[in-house]
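Trainee: got a structure for you, letters missing:
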């Protein structure tokens, strides 16, 4: 028999197909692992006893009930969150991950489950006592309104130091709009930004509004939520569960549960329980 190069390759591919065939079977979605920072209250936090609690753990419990799977929730540092997902360390991320075009190049998202916007916080000892626009929401897609708001803030933050968690949408926002006039100091964890605000090493902190609200509540009157609340544009279109690109079956499963929770008011109730305000996406 005269085995040609083409015949050899065809046979090899066919044999390889037989070997990998079992891997092409439907993935088992009955038991899943989710990663969270476990240090981003009130979204997620760790009790002294080591239990992960918060809005997202409560939400995930309800999602699992509706979608019919068991799960494990593990702590993962923010900086390694997406790399860990891509490396297969866990099945999904539930950590207030905002949907942005940049992140969508790498991972997929479920339907959004919360949209709180981003803002600023100072404290009574800060060199910045207040910012303009408190209580006003600005969409970065509204060029005229956002330019006016950013220009107003720029006059105050010029030469100041702003704390923000590294690799976040807020860090992207600060670099884009204030990176050339203020010092942007990044930290591995959100709690570190507030620690340095209290210590006077930064003049203010930028983060998600719900996270800022939680800081103000525990600051014993020292913290103040101030300035415009920004959303959309570089700040994304709400937070969702992050997934690998090829996990479309899991995405659909989670979407069904999330969408039903938004529609019947369960999501709103959980958000109000943990944040004291309605930040739920529209049904």
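Mentor: Done, it's in. Here the structure is a predicted model, which means the values were calculated and not measured.

Trainee: and the host helix or strand of residue 94, what's its mean pLDDT?
Mentor: Using DSSP states H and E, residue 94 falls within strand 92-98. What strand 92-98 shows for mean pLDDT is 95.

Trainee: which residues are contacting it?
Mentor: 32-37, 40, 43-44, 56, 59-60, 73, 76, 78, 81-82, 85, 103, 107, 109, 114, 169, 208, 211, 235-243, 247, 250, 254 (CB atoms under 8 Å, 6 or more residues apart in numbering). Where C-beta positions appear, they are placed from N, C-alpha and C, glycine not excepted.

Trainee: that one pairs with which strands, parallel or anti?
Mentor: Strand 92-98 pairs in its sheet with strand 31-36 (parallel), strand 239-243 (antiparallel), by DSSP bridges.

Trainee: of those, flag the one that's most buried.
Mentor: strand 239-243 (a mean of 25; mean count of other CB atoms under 10 Å).

Trainee: and the next element down the chain from that strand?
Mentor: helix 248-263.

Trainee: pLDDT of that following helix, averaged?
Mentor: 97.

Trainee: could you give the angle of that helix to strand 31-36?
Mentor: 70 degrees (axes from the mean of the first three to the mean of the last three CA atoms, to 10 degrees).

Trainee: contact partners for residue 115?
Mentor: Counting by CB under 8 Å, 6+ apart, the residues that residue 115 touches are 231, 237, 238, 239, 279, 280, 281.

Trainee: how many residues are close by the first one?
Mentor: The criterion is other CB atoms under 10 Å. On that basis, residue 231 has 22 neighbouring residues.

Trainee: neighbours around residue 63, how many?
Mentor: Neighbour number of residue 63 under other CB under 10 Å is 26.

Trainee: quick check: it vs residue 280, distance?
Mentor: Applying CB to CB, to the nearest Å, the value for residue 63 to residue 280 is 15 Å.

Trainee: hang on, the earlier thing: neighbour-wise, which of the contacts of residue 115 leads?
Mentor: residue 239 (26 neighbours).

Trainee: thanks again, I'm all set now.
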